[in-house]
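In: model the following, please.
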Amino acid sequence: MDALIVIDVQNDFCPGGALAVAGGDEIVPGINTLMAGADAVVLTQDWHPAGHSSFASQHPGKAPLELVEMPYGPQVLWPDHCIQGSPGAGFHPALEVDRAELTIRKGFRPAIDSYSAFFENDHATPTGLEGYLRTRGITRLVMVGLATDFCVNYSAVDAAKLGFDVTVRQDLCRAIDLNGSLAAAQDGMAAAGVTLA
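Out: This next block holds a predicted model:
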């Protein structure tokens, strides 16, 4: 069985949002079309408490997109975004969310960020998605969404390491591309065995 994993197609990552990805809204119609043919659809949703440790606002003297060391490793600092219950944390209004069987919320632990749909950024704390997919008998994953070089990348690499057959539809993703992060992500995904379509 195949599952379509739709990563973080939320208002704050679309034009006009707090952490807008250029063209983030352009992928929504194509994602809706793919949903119609998938055996299973899973949405992920960035879901931060106010004052999350990954927000630059919580680090005096630091600006968004600067890097800091956290107990679990390097962390990019972000503008405040996808705060629980806020309009920015909501899914893009044109995304056909009713087609999804499951929504995985991530980044809700105040002291640790979560890019991957499978693990927090400590690469050890699971989200529960692996168990859900295994109990459903799903072995092949197609990933789409935002952003190619962060949450899609981390999700795809983790899924491949867990033994899933993973394809990333690059036409239905958009990237932040921070200091060459897109090319690095593409290389890393390919090295992990992810198919880049």
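In: CA only for contacts and neighbour counts going forward, please
Out: Noted.
In: tally of neighbours for residue 18?
Out: For residue 18, the count of nearby residues is 17 (other C-alpha atoms under 10 Å).
In: how close does it sit to residue 194?
Out: 30 Å (C-alpha to C-alpha, to the nearest Å).
In: what does residue 56 give?
Out: With distances taken as C-alpha to C-alpha, residue 56 is found 32 Å from residue 194.
In: now residue 105
Out: 23 Å.
In: show me what contacts the closest residue to residue 62 other than its chain neighbours?
Out: Nearest non-adjacent residue to residue 62, counting by C-alpha to C-alpha, 6 or more residues apart in numbering: residue 56, 5.9 Å away. Residues in contact with residue 56 (C-alpha atoms under 8 Å, 6 or more residues apart in numbering) are 62-66, 77-80.
In: from these, list just the buried residues.
Out: Among the contacts of residue 56, those scoring as buried are 63-64, 77-78, 80 (criterion: 16 or more other C-alpha atoms under 10 Å).
In: redo those residues as CSV? Include secondary structure, distance to residue 109 and pLDDT.
Out: Below are these laid out as CSV (DSSP: H, G, I helix; E, B strand; the rest coil; distance: C-alpha to C-alpha, whole Å; pLDDT from 0 to 100):
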residue, secondary structure, distance to residue 109, pLDDT
63, coil, 22, 96
64, coil, 20, 95
77, coil, 16, 96
78, strand, 16, 96
80, coil, 15, 97
